[in-house]
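1. missing the sequence, but the structure's below:
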Ligand SMILES: C[S@@+](CC[C@H](N)C(=O)[O-])C[C@H]1O[C@@H](n2cnc3c(N)ncnc32)[C@H](O)[C@@H]1O
């Protein structure tokens with residue numbers, strides 16, 4: 001059942017973390033990040049704890065504001081946010097050449113929005129891999145409610161060490177998920193291992209673009225805000241991702257930043273200077289209402305202590321993302337399609 005009401009948001013904050021421990025989890029999470037004195041090496045060494053805390057804390061906000069698919073999309077004029085999100089998912093299915101009966105892996109599947117859509121669109125069986133127990137339980141509930149995904153399943157595991165034999169899948173995709181990996185080569189190598197030879201892997205990566213200048217303080221500030229607000233150890237450049245794919249052994253078939261040609265900017269839904277009825281909760285006024293509501297529900301003891309701080313770092317994230325998009329130093333849609341060669345050289 002969809003959990004997109006205000007009470008669902010409030011009672012869901014913290015996911016599988018005990019309600020009385022939410023406040024200290026928020027503090028521990030914040031300390032991982034530059035804005036609170038944390039460092040990249042600590043985030044990488046503790047990526048599992050950091051990312052899991054992040055998604056336990058943030059998932060109910062995502063469901064409330066964004067829906068069942070936790071990703072951005074390039075957008076045509078006249079297209080709604082929801083339509084663009086679905087089209088972005090269908091695009092991956094088409095690029096991978098998914099056909100009925102294929103066995104597919106969704107790496108970092110969230111609560112399964114893309115998995116349900118792509119499985120219906122392509123008549124494939126999809127396994128959703130996710131390291132967050134709370135999201136997996138939400139995914140299972142939503143699959144049951146949708147009643148159309150009997151051939152799909154969820155596996156709780158770390159994508160840096162997957163519990164699947166070599167050469168298991170006919171196609172693999174990852175939507176805005178491998179950006180959480182502490183090491184890109186390591187994550188792509190693991191995907192390479194479980195993919196059948198001759199088959200494809202397609203993804204949307206979060207990346208710093210060629211416009212990012214590591215010596216520019218304001219660029220670094222924006223990058224740190226995005227990392228804090230989104231549970232990321234370090235945002236890689238598009239070039240670092242491409243090099244990592246090649247090092248993992250993949251042949252690159254195509255790659256490009258889909259944000260460059262998008263007629264409507266991907267960050268528009270988060271931009272407080274615009275108004276939208278269809279995604280009202282993301283507008284400035286909608287966010288003000290959410291903030292006030294979370295504060296009130298926390299005060300009333302319905303939302304756990306610490307909820308308002310989660311709301312604050314998510315607001316920071318939104319500001320960082322809009323800044324990163326406007327300056328064109330960041331993209332959440334660096335797309336690539338790669339192939340595992342038939343024989344290894
Ligand atoms: C931004 S969400 C995207 C979710 C989903 N792909 C979607 O578009 O709705 C990133 C996802 O990656 C998962 N994730 C992050 N690190 C992971 C890891 N090491 N192993 C497995 N899943 C991971 C998170 O739990 C989360 O579900």
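-> Thanks, I have the structure now. Please read all numbers here as calculations on a predicted model, not as lab measurements.
2. Now residue 341: closest residue in space, sequence neighbours ignored.
-> Here the nearest residue to residue 341 in space, its sequence neighbours aside, is residue 251; by C-beta to C-beta, 6 or more residues apart in numbering that works out to 5.8 Å. All C-beta spots, glycine's among them, are computed from the backbone N, C-alpha and C.
3. give the contact list for that neighbour.
-> 338, 339, 340, 341 (C-beta atoms under 8 Å, 6 or more residues apart in numbering).
4. For residue 30, state which of those is nearest.
-> For the contacts of residue 251, the closest approach to residue 30 (C-beta to C-beta) belongs to residue 338, at 35.5 Å.
5. you'd agree that closest one is in a helix?
-> No: applying DSSP: H, G, I helix; E, B strand; the rest coil, one finds residue 338 to be strand, outside a helix.
6. How many neighbouring residues does it have?
-> For residue 338, the count of nearby residues is 24 (other C-beta atoms under 10 Å).
7. same question, the one 3 residues further on
-> Other residues lying near residue 341 total 12 when counted by other C-beta under 10 Å.
8. Beyond the one helix or strand residue 288 maps to, next helix or strand please.
-> Using DSSP states H and E, residue 288 sits within helix 284-299. Going down the chain from helix 284-299, the next helix or strand is helix 307-326, by DSSP H and E.
9. ok, and for that following helix, which residues are buried?
-> 307-311, 313-325 (16 or more other C-beta atoms under 10 Å).
10. ok, residues contacting it?
-> 10, 13-14, 22-23, 26, 30, 35, 57-58, 61, 222-226, 228-230, 259, 265-267, 270-272, 287, 290-291, 294-295, 297-298, 330-332.
11. Just to be sure, which of those are found in strands?
-> Those of the contacts of helix 307-326 mapping onto strands are 330, 331, 332, per DSSP state E.
12. Tell me the buried residues within the residues you listed.
-> By 16+ other C-beta under 10 Å, those give 330, 331, 332 as buried.
13. Just the closest of those to residue 82, please.
-> Of those, the one sitting nearest to residue 82 (C-beta to C-beta) turns out to be residue 332, at 16.9 Å.
14. okay, now the nearest residue to the closest one once chain neighbours are set aside: neighbour count?
-> Using C-beta to C-beta, 6+ apart and skipping the chain neighbours, the partner closest in space to residue 332 is residue 72 (4.6 Å). Neighbourhood size, residue 72 [other C-beta under 10 Å]: 29.
15. got it, and residue 157?
-> 14.
16. circling back to that earlier point, so which of the buried residues of helix 307-326 reach the ligand?
-> Contacts with the ligand are made by none of these, judged by C-beta under 6 Å from any ligand atom.
17. tell me which parts of the stretch 51-200 of the chain are close to the ligand?
-> 51, 55, 69-71, 108-110, 113-114, 129-132, 135, 158-160, 175-177, 180.
18. repeat that with 5 Å
-> Counting by C-beta under 5 Å from any ligand atom, the stretch 51-200 of the chain comes close to the ligand at 51, 55, 69-71, 108, 110, 113-114, 130-132, 158-159, 175-177, 180.
19. How much space separates residue 45 from residue 183?
-> According to C-beta to C-beta, to the nearest Å, residue 45 and residue 183 sit 11 Å apart.
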